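Q: sequence-free structure coming up:
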């Protein structure tokens, strides 16, 4: 068993490693990843349960975008490797100017394991001092609010065809 700080350090080391992976990826390899993701997103639901879940997710969210996969795949095809790398550097990388991160640590009452870096693993980066939240309501009051997306279909203007 490892302490949460160790696990978080390993996650940050992985995120740092992704900088090299994205930067050094060839355009051909990037295109293969995009193509595979497009294929997966456009897969037809395997059964009625999957299709039901997909439609109800749109209804419950009040967004009603029943053609979401096609629209997102069309947008995905416009993304370049440079776009992805820029997004990584601005929002994901440690120290990125627009990075926001929530990390929940669950501490066990049992003995804590060793937290040294195993051989062959990248050293975990030094992390900023965390903010410890003891009152969730107070924490939420300090957060900015973001409006929900507008529905894809305005259901107030649709007429039932029954």
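A: Nice, thanks for sending it over. Keep in mind that this is a model prediction, so the values were computed, not measured.

Q: CA atoms for contacts and neighbours, from now on please.
A: Fine.

Q: from residue 100, how far out is the residue nearest the centre of the chain?
A: Most central in the chain under CA atoms, centre = their mean is residue 92, positioned 9.8 Å from the mean C-alpha point. To residue 100, residue 92 is 8 Å away according to CA to CA, to the nearest Å.

Q: and for the residue nearest to the centre of the chain, nearest residue in space, chain neighbours not counted?
A: Here the nearest residue to residue 92 in space, its sequence neighbours aside, is residue 99; by CA to CA, 6 or more residues apart in numbering that works out to 5.7 Å.

Q: need the three-state assignment for that neighbour.
A: Look at residue 99: counting by DSSP: H, G, I helix; E, B strand; the rest coil, its state is coil.

Q: where along this structure do the helices fall?
A: Per DSSP state H, the chain carries helices over the ranges 4-24, 27-41, 48-60, 68-76, 81-87, 136-141.

Q: in JSON lines: the ones you listed, plus distance to residue 128 and mean neighbour count.
A: Rendered in JSON lines, the data for the helices of the chain read as follows (distance: least, CA to CA, whole Å; neighbours: other CA atoms under 10 Å):
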{"stretch": "helix 4-24", "distance to residue 128": "11", "mean neighbour count": "15"}
{"stretch": "helix 27-41", "distance to residue 128": "32", "mean neighbour count": "13"}
{"stretch": "helix 48-60", "distance to residue 128": "37", "mean neighbour count": "13"}
{"stretch": "helix 68-76", "distance to residue 128": "33", "mean neighbour count": "14"}
{"stretch": "helix 81-87", "distance to residue 128": "21", "mean neighbour count": "14"}
{"stretch": "helix 136-141", "distance to residue 128": "19", "mean neighbour count": "10"}
